[in-house]
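**Q** give me coordinates for this.
(one chain, ligands or ions: 1)
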Amino acid sequence: MSTQAVPTGYEVLRNPRRNKGTAFTEAERRALGIEGLLPTLPSNLTLQVARIHTELDLLDNDLQRYLVLSDTQSRNETLFYAVIMADPARFMPIVYTPTVGEACQKFDRIFRAARGMYLPISARGRLREILCNWPQKDVRFIVVTDGERILGLGDQGINGMGIPIGKLALYTACAGVPPQYCLPITLDVGTNNPALTEDPLYLGLRQARVRGDDYAAFVDEFVQAVQVLYPKSCIQWEDFANINAIPILERYRDKVCTYNDDVQGTAGVALAGMYGALRITGQKLTDQRFLFLGAGSAATGIAELISLAMTLEGIDITQARSRNALFDINGLLVRSRTDLADFQRPFAIDHAPISKFVDAVKALRPTGIIGVSTVPKLFNQQVIEAMSEINERPIIFPYSNPTSRSECTADEAYRWSDGRAVFASGSPFPPVEFGGRTFVPGQGNNVYIFPAMGMAIFATEAKRVTDEMFIVAARALAEQVTEEDLKVGLIYPPQSRILNTSLHVATRIAEWIFEKDLARVPRPADIAAHIRSCAYRPVYPE
Ligand code: NAI
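**A** Numbering: from 1, shown residues only. Model (predicted):
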């Protein structure tokens, strides 16, 4: 005999996964014994969505809207997703960046219902036991952070939890990864942010960040516990500081299903921008020479993925890397430099030193420049004019975030190139009127890649996540840019179409996963149909 108690109607009303709120019909209210607990007349999902929209319109700022949406998610998950999936372009900036940044900074002030799991390093040796407290036994997708490098805001300690929560909401809203399989996690290893440790309202461990072997052992225990409890799950590392992000990825990428969106997703979305740009210029990737302004983790990550993509078109990796030159605060990365880190060396070229970026442009004659320097205005008029002299359609990608750090504005790129620039940026810019035309700048937002990657992994139960999967995703994303988009200069599809775009990208990634024998489910006859059938839809269960 089952001992599991049937939830009472009152409990159903308080279960966000089963609650329909005012949309419970009269018959359901009778059957559940909740008559009288709701306003008289039954509503429906469409009206409930309209009610939330009306409420959001009355509010003064996006943090308030974030809180209303977060409360909705805690009360009625279907309604939450119905609201954001009805207008993803409007709600993504509220559920995720930039609003989530402010939500993280104020996390210990606005904390409401618990969501996700907090694993403190003080519980070393007991992680498996604690993870068992999560009510869902079939977890497939984990986004985990240790809060050290939250967006551009630095160390936020456990206040960074807003990021895994918000990111998983986008996995669901933008690509249909079912929310019941998702688990946001924060590893609490302390914080080096004194404003937090000295704040009585802070909710995490008040100690300096643990480093070295103890940190590695803690992460290792976490990965192992996840493998035992949720063997089909993928772990996505999020907003770790570079000193930990790269070693963690290297350590686990060949052992378990895992990836780092800041490293791999970012490079994927930049590569997709290249493929989109090539649809405008009509050239091949191997014909390109890129010059990066910046030689940090973003630059080297993007340059390496572009190089790998070039090798798939037939040139060797050394040749490919030499087509991706980097320029940093000390000038062009050339072999004679003695200040280069190991991860930069592969991109150092045989060339005389050059200290001015515009001189590097003139000497190397790149087809595209990519700004990942965090310094605004470095793509100045001279630079863009030089690019426009060398190229009929110069590729100009200022990717530094936020908008105030962008290497140039969309308006500057179009104006100084006489309307010939193929432009995309890291942060959004409004449309530009120039020469009687309207240009719509594209934004290289990771959201074009990571939800689709998650969906493909979920639907195939992939064993591993490889760099090639990000190249496949980038190509698939560029395929989704229509001729109409290209005519106005858009090289990424509009965010309003994100769900369909993601399902297409997920299908292409899944095809590759099956082809490479990395799936743990049998290959379905129709992969696109399989992906669609796995995708979550915000509708009430009967
Ligand atoms: P980082 O700090 O690792 O690297 C910055 C690089 O810029 C360093 O190599 C530094 O030497 C160079 N630099 C600084 N000042 C310079 C100057 N005056 N002239 C020439 N070079 C200079 O930073 P990271 O993590 O590589 O990120 C860089 C930027 O890229 C950030 O703003 C980030 O938001 C943005 N980004 C945007 C993405 C997107 O839109 N999808 C993806 C990834 C990064």
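**Q** low-confidence ranges in this protein?
**A** 1-4 (pLDDT under 70).
**Q** who are the contact partners of the residue in it positioned nearest to the ligand?
**A** Proximity of the chain to the ligand (Cβ to the nearest ligand atom) peaks at residue 296, 2.0 Å away. Using the backbone N, CA and C atoms, a C-beta is placed for each residue, glycine as well. Neighbouring residues of residue 296 by Cβ atoms under 8 Å, 6 or more residues apart in numbering: 328, 372.
**Q** and it, its phi and psi?
**A** Per-residue torsions, residue 296: phi -90, psi -150 (degrees, to the nearest 10).
**Q** and residue 186, by the same measure?
**A** Per degrees, to the nearest 10, the backbone of residue 186 is at phi -120, psi 130.
**Q** got it, and the one 10 residues further on?
**A** Summarising the backbone geometry of residue 196 under the convention degrees, to the nearest 10, its torsions are phi -80, psi -50.
**Q** what does the protein put close to the ligand?
**A** When proximity is defined as Cβ under 6 Å from any ligand atom, the chain approaches the ligand at 266, 269, 293-299, 327-329, 372-375, 378, 399-401, 405, 426, 444, 446.
**Q** just the buried members of these?
**A** 266, 269, 293-299, 327-328, 372-374, 378, 399-401, 405, 426, 444, 446 (16 or more other Cβ atoms under 10 Å).
**Q** now, those residues that are in strands?
**A** 293, 327, 328 (DSSP state E).
**Q** so what's the closest residue to the last one other than its chain neighbours up against?
**A** Just to be clear, that refers to residue 328. Spatially, and ignoring its direct neighbours in sequence, residue 328 is nearest to residue 295 (3.9 Å; Cβ to Cβ, 6 or more residues apart in numbering). Residues near residue 295 by Cβ under 8 Å, 6+ apart: 326, 327, 328, 333, 344, 347.
**Q** 7 Å instead?
**A** 326, 327, 328, 333, 344 (Cβ atoms under 7 Å, 6 or more residues apart in numbering).
**Q** turn these into JSON lines, columns for distance to residue 211.
**A** Below are the contacts of residue 295 laid out as JSON lines (distance: Cβ to Cβ, whole Å):
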{"residue": "326", "distance to residue 211": "29"}
{"residue": "327", "distance to residue 211": "32"}
{"residue": "328", "distance to residue 211": "26"}
{"residue": "333", "distance to residue 211": "29"}
{"residue": "344", "distance to residue 211": "24"}
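**Q** show me the two of those that sit farthest apart.
**A** Checked with Cβ to Cβ, the contacts of residue 295 reach their widest spread between 327 and 344, with 11.2 Å between them.
**Q** need the residues touching each of these two.
**A** Common neighbours of residue 327 and residue 344 (Cβ under 7 Å, 6+ apart) are 295, 333.
**Q** hang on, the earlier thing: how close does the residue nearest to residue 328 get to residue 288?
**A** According to Cβ to Cβ, to the nearest Å, residue 295 and residue 288 sit 18 Å apart.
**Q** cool, residue 401 as well?
**A** Taking Cβ to Cβ, one finds residue 401 at 24 Å from residue 288.
**Q** again with residue 183
**A** When residue 183 is compared with residue 288 (using Cβ to Cβ), they lie 40 Å apart.
**Q** who has more neighbours, the two?
**A** Higher neighbour count among residue 183 and residue 288: residue 183, with 23 against 19, using other Cβ atoms under 10 Å.
**Q** can you give the strand pairings for the strand or helix carrying that one, parallel or anti for each?
**A** Counting by DSSP states H and E, the element that carries residue 183 is strand 182-188. Partners of strand 182-188 in the sheet, by DSSP bridges, are strand 117-120 (parallel), strand 141-145 (parallel).
**Q** deepest of those, which one?
**A** Mean neighbour count, computed with mean count of other Cβ atoms under 10 Å, is highest for strand 141-145 among the strands paired with strand 182-188, reaching a mean of 26.
**Q** what's in contact with it?
**A** Under Cβ under 7 Å, 6+ apart, the answer for strand 141-145 is 160, 163-164, 167-168, 171, 177, 181-187, 226, 233-240, 454, 458.
**Q** stretch 161-176 now?
**A** 81, 84-85, 88, 92, 95-96, 100, 103-104, 107, 115-116, 141, 143-145, 150, 177-179, 182, 184-186, 238-239, 447, 451-452, 454-455, 498-499, 502-503, 506, 535-536.
**Q** quick one: the strands in this structure, in order.
**A** 117-120, 141-145, 182-188, 234-237, 258-260, 290-293, 324-328, 331-332, 368-371, 395-398, 422-425, 432-434, 437-439, 442-443.
**Q** among those strands, single out whichever gets nearest to residue 60.
**A** Closest approach to residue 60 among the strands of the chain (Cβ to Cβ): strand 442-443, 25.7 Å.
**Q** residue 92 and residue 446 touch, don't they?
**A** No: under the criterion of Cβ atoms under 7 Å, residue 92 is not in contact with residue 446, lying 11.1 Å apart.
**Q** how about the helices in the stretch 251-400 of the chain?
**A** 266-281, 297-311, 317-322, 357-364, 381-390 (DSSP state H, counting those that start in this stretch).
**Q** can I get those in JSON lines with distance to residue 410?
**A** What follows is the helices of the stretch 251-400 of the chain, written out as JSON lines (distance: least, Cβ to Cβ, whole Å):
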{"stretch": "helix 266-281", "distance to residue 410": "14"}
{"stretch": "helix 297-311", "distance to residue 410": "20"}
{"stretch": "helix 317-322", "distance to residue 410": "29"}
{"stretch": "helix 357-364", "distance to residue 410": "19"}
{"stretch": "helix 381-390", "distance to residue 410": "12"}
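**Q** single out the most deeply packed of these.
**A** Among those, highest average neighbours (mean count of other Cβ under 10 Å) belong to helix 266-281, with a mean of 25.
**Q** residue 497: neighbour count?
**A** 15.
**Q** excluding its backbone neighbours, what's nearest it?
**A** Using Cβ to Cβ, 6+ apart, the closest residue to residue 497 is residue 480 (7.6 Å).
**Q** distance of that neighbour from residue 486?
**A** For residue 480 relative to residue 486 (Cβ to Cβ), the value is 11 Å.
**Q** these two: which is more packed in?
**A** Applying other Cβ under 10 Å to residue 480 and residue 486 shows that residue 480 carries more neighbours, namely 21 against 15.
**Q** so who does the more buried one touch?
**A** 493, 501, 504.
**Q** and if you look at residue 529?
**A** Per Cβ under 7 Å, 6+ apart, neighbours of residue 529: none.
**Q** that older thread, now, of the contacts of strand 141-145, which are buried?
**A** 160, 163-164, 167-168, 171, 177, 181-187, 226, 233-240, 454, 458.
**Q** okay, now residue 342: neighbour count?
**A** 6.
**Q** whoops, residue 411 was the one
**A** Quick note: residue 411 (other Cβ under 10 Å) scores 17 neighbours.
**Q** and it, how far is that from residue 17?
**A** Distance from residue 411 to residue 17, by Cβ to Cβ: 47 Å.
**Q** test my guess that residue 395 contacts residue 277.
**A** Yes: judged on Cβ under 7 Å, residue 395 makes contact with residue 277 at a distance of 4.9 Å.
**Q** who touches both of those two?
**A** 368, 422.
**Q** show me what stretch 250-269 is in contact with.
**A** Stretch 250-269 has contacts (Cβ under 7 Å, 6+ apart) with 223, 227, 234-239, 245, 249, 298, 301-302, 305, 444-446, 448-450, 453, 457, 462-465, 467, 470, 473-474.
**Q** buried residues, it. List them.
**A** Those would be 252-253, 256-269, for stretch 250-269 by 16+ other Cβ under 10 Å.
**Q** stretch 129-149 too?
**A** Buried, per 16+ other Cβ under 10 Å, within stretch 129-149: 131, 139, 140, 141, 142, 143, 144, 145, 146, 147, 148, 149.
**Q** right, I'll call it a day here.
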